[in-house]
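Chemist: quick one, what's the 3D model for this:
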Amino acid sequence: MQLVANILAFIASLFMVYSGILKDKKRIIKVQAIEIFIFIVSDILVAGYSGAVINLINLIRNILVYYDKFDKKCIVLILVLSTISVLAFNNLGFIGLLPLFATYIYAIFMNTKDIKCFKIVMIISMLLWATYDMTIGLYTSLAFDILTIISCLVTLLMLDKKRI
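Modeler: The predicted model follows:
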């Protein structure tokens, strides 16, 4: 199962890196929805249940954001559901909480109109997921977490150069 999970994580990770280079938030959210769905399956295959549950909630969050339905009530609901779910399904101690922390950061800043801020949020979220992926043995995901961080940093630099 580890091999199949890593193959799926590789496919999902390609979408993740692609989202890192996009500059249009709607397209980022759409690509991330595909990525998240594939990661759910991958997480289940390696018994990363807290990651799978949080990703399912994140998929719902992204759908709401895509259709401009992600208001303050939704943010609170997503965060409460995330917390309850992770606490119920966490089988990895503190490491199992990292997807929850990433979700909190992402959800709180999801509605930002500032693409630079959004890229920074993506970087912080990916750092947390990288630690989680390393722990559960999704090394393909870990590698791509790092590549996504790099692609977001490069995009941030390109955005800065355009404004100079």
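Chemist: just checking, what packs against the longest helix seen in the chain?
Modeler: With DSSP state H setting the assignment, residue counts place helix 139-163 as the longest helix in the chain. When contacts are defined as 3 or more C-beta pairs under 8 Å, 6 or more residues apart in numbering; DSSP states H and E, helix 139-163 sits against helix 2-21, helix 115-136. Backbone N, C-alpha and C define where each C-beta goes, glycine included.
Chemist: lowest average pLDDT across these?
Modeler: Lowest mean pLDDT of the helices and strands packed on helix 139-163: helix 2-21, a mean of 88.
Chemist: may I see the buried residues of that helix?
Modeler: By 16 or more other C-beta atoms under 10 Å, the buried positions in helix 2-21 come out as 5-6, 8-20.
Chemist: same question, stretch 74-83
Modeler: Cys74, Ile75, Leu77, Ile78, Leu79, Leu81, Ser82, Thr83.
Chemist: and these, which is closest to Tyr66?
Modeler: Cys74 (12.4 Å; C-beta to C-beta).
Chemist: which ones are touching that closest one?
Modeler: Contacts for Cys74 were tallied using C-beta atoms under 8 Å, 6 or more residues apart in numbering; they are Arg61, Leu64.
Chemist: could you pull up the mean pLDDT of the host helix or strand of it?
Modeler: With elements taken from DSSP states H and E, the one containing Cys74 is helix 72-89. Averaged across helix 72-89, pLDDT comes to 91.
Chemist: give the next helix or strand downstream of it.
Modeler: Counting by DSSP H and E, what follows helix 72-89 is helix 98-109.
Chemist: only the C-alpha atoms, please, for that next one, written as PDB.
Modeler: Below are the C-alpha coordinates for helix 98-109, written out as PDB (Å, rounded to 0.1, in the frame of the first residue of the first chain):
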ATOM      1  CA  LEU A  98      -0.100  19.500  12.000                       C
ATOM      2  CA  PRO A  99      -2.700  19.200   9.300                       C
ATOM      3  CA  LEU A 100      -5.200  20.900  11.700                       C
ATOM      4  CA  PHE A 101      -2.800  23.800  12.200                       C
ATOM      5  CA  ALA A 102      -2.300  24.100   8.500                       C
ATOM      6  CA  THR A 103      -6.100  24.100   8.000                       C
ATOM      7  CA  TYR A 104      -6.500  26.900  10.600                       C
ATOM      8  CA  ILE A 105      -3.900  29.100   8.900                       C
ATOM      9  CA  TYR A 106      -5.300  28.400   5.500                       C
ATOM     10  CA  ALA A 107      -8.900  28.900   6.500                       C
ATOM     11  CA  ILE A 108      -8.300  32.100   8.300                       C
ATOM     12  CA  PHE A 109      -6.500  33.700   5.400                       C
END
